[in-house]
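Give me a 3D structure for the following:
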Amino acid sequence: MKYEIKKKTVKPFRNNDGDMMDYCWYNAVREGDGVIIQFGSSNLDYSEGESYEIEIGKFEGKGGKVLYKEIR
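Residues are numbered from 1 along each chain as shown. Reported below is the predicted structural model:
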């Protein structure tokens, strides 16, 4: 699906190996139906105001929280 990036927030975190990992949270609008979604990605190259073809999956986070992240 194609998404237009509206907001980009870089939030690095420490992975299971104890190393810092770059990670980004994006707010985007799904083109075609206008649905707004927040998703996480290790790809920091997306720019606000630009549109990209992105595959996003739905996952269960800690405590059963629903998260969306890019499938790469």
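
So which helix or strand of the chain has the lowest pLDDT on average?
None of the helices or strands of the chain scores lower by mean pLDDT, DSSP states H and E than strand 13-14, at a mean of 90.

Work out the sheet partners of that strand and label each with its direction, please.
strand 20-21 (antiparallel) (DSSP bridges).

Not counting sequence-adjacent ones, nearest residue to L44?
Leaving aside its chain neighbours, L44 sits nearest to C24 (5.0 Å; criterion: C-beta to C-beta, 6 or more residues apart in numbering). Glycine gets a C-beta too; all of them are placed from N, C-alpha and C.

mind listing the strands for the protein?
For the chain, the strands defined by DSSP state E cover 2-10, 13-14, 20-21, 24-30, 36-41, 51-53, 56-60, 66-70.

related to what we said a few turns ago, return the distance of the residue nearest to L44 relative to G61.
16 Å (C-beta to C-beta, to the nearest Å).

Give the buried residues for stretch 5-15.
Going by neighbour count (16 or more other C-beta atoms under 10 Å), the buried part of stretch 5-15 is 5, 8.

hmm, who's touching it?
For stretch 5-15, the surrounding residues in contact (C-beta atoms under 8 Å, 6 or more residues apart in numbering) are 20-29, 36, 44, 46-52.

now with 10 Å?
19-29, 36, 38, 40-41, 44, 46-52, 54 (C-beta atoms under 10 Å, 6 or more residues apart in numbering).
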